[in-house]
Every structure is written in structure tokens, then in C-alpha cells.
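>>> One predicted model, sequence on top.
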Amino acid sequence: QGVLVAGLGTFAMLQEQFQGKEEVYVVRRPVFRLELDVLCLQELAFPTVVIPGNVKIKPLNYKRLSQATSFPQHVVKDCMQETILLYSSQLKNGQRLSFAFKDIGVLSCKDDLLCMRFYSDCVTGLERKASRIALLHT
């Protein structure tokens, strides 16, 4: 399953197999596919993340965000869009700021590499059995 944040990218959870010394581990791990405006990314490198076609991607649910924050839905949506536009504009103008997502991770730009760094609690929360392997591969 995954969530599309229009103008920014897609967060998804992938299930993958990794060969250990004695067994095969199947782990779930988070990924982020960047979908910012190409003009913002001209001088930046970023990892290419492939999300398989069988992963169901849904748009961000502004209604649920509205209920969770007690702000009207149109205010939440406008705030999200303005924040993404501001972040894109800052990247385009050479500012390399980090964009934090509570309980998920940080979208950061260092040495012209823009990438999502997931918090270890986010990764281990998805995968309890093989959390160290998931952490190593995220």
C-alpha cells in the first residue's frame, strides 16, 4: 500500500526477500519515490525508487487529516500544497533545507543529493521479525 502526496512524491511499503546465511527473510520496509517538479531538481541527484505496479497507491486523505487536526479540509489541503510549493521553490533557488515528516523520516539534501531518510522506529514498526535486515536495506 502507498500514499501519493501530490507534487512531492509517493510513500509506500514494500515487501522484499533477502537471503541470509541460513534462511530467506521476507521484510517490509518503507520507500519514498520523489515526484517534485523537474525544474527543482536540475542540479540535484536523487535515488530512483521503483514501486511495483501491484502496490495500491491512494491519494493523501485530506478528510482524515482534517479530522485529526481539527482544521477544515480546504485549509489542510491548501496548507499542504503551499508547503510543497515553498519547499520546491527553496530547492530551485539553491536552498538545501530538510523536510521532516513526523514519525516517518526526513527528506534532506546534502551534497546535492536529495533523499528520504526514514527513522529507525518507522522501519522497525513495520517489521518486527527481521527489523535489523529491514534497517540495513532501507
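Done, it's in.

>>> Give me the below-cutoff pLDDT ranges for the chain.
In the predicted model of the chain, residues 38-40, 127-138 satisfy pLDDT under 70.

>>> now the residue nearest the centre of the chain, what's its secondary structure?
By C-alpha atoms, centre = their mean, the chain has its centre lying nearest to Phe32, at 3.5 Å. Recorded secondary structure, Phe32: strand (DSSP: H, G, I helix; E, B strand; the rest coil).

>>> Skipping its backbone neighbours, what lies nearest it in space?
Met116 (3.8 Å; C-beta to C-beta, 6 or more residues apart in numbering). (C-beta placed from N, C-alpha, C; glycine too.)

>>> and what of Gln81?
In this structure, Gln81 finds its nearest non-sequential neighbour in Gly7, 6.8 Å apart by C-beta to C-beta, 6+ apart.

>>> Now do the buried residues in the strand or helix carrying Asp121.
Per DSSP states H and E: Asp121 is located in helix 120-126. With burial defined by 16 or more other C-beta atoms under 10 Å, the residues of helix 120-126 counted as buried are Val123, Leu126.

>>> Which elements pack onto it?
strand 24-34, helix 131-136 (3 or more C-beta pairs under 8 Å, 6 or more residues apart in numbering; DSSP states H and E).

>>> got the buried residues for the longest one?
Think strand 24-34. Applying 16+ other C-beta under 10 Å to strand 24-34 flags Tyr25, Val27, Arg28, Arg29, Pro30, Val31, Phe32, Arg33, Leu34 as buried.

>>> Can you list the buried residues in the next helix or strand after it?
Going down the chain from strand 24-34, the next helix or strand is strand 57-59, by DSSP H and E. Buried positions in strand 57-59, judged by neighbour count with 16+ other C-beta under 10 Å: none.

>>> Give the partner strands of strand 57-59 in its sheet and their orientations.
When sheet partners are counted by DSSP bridges, strand 57-59 sits next to strand 2-5 (parallel).
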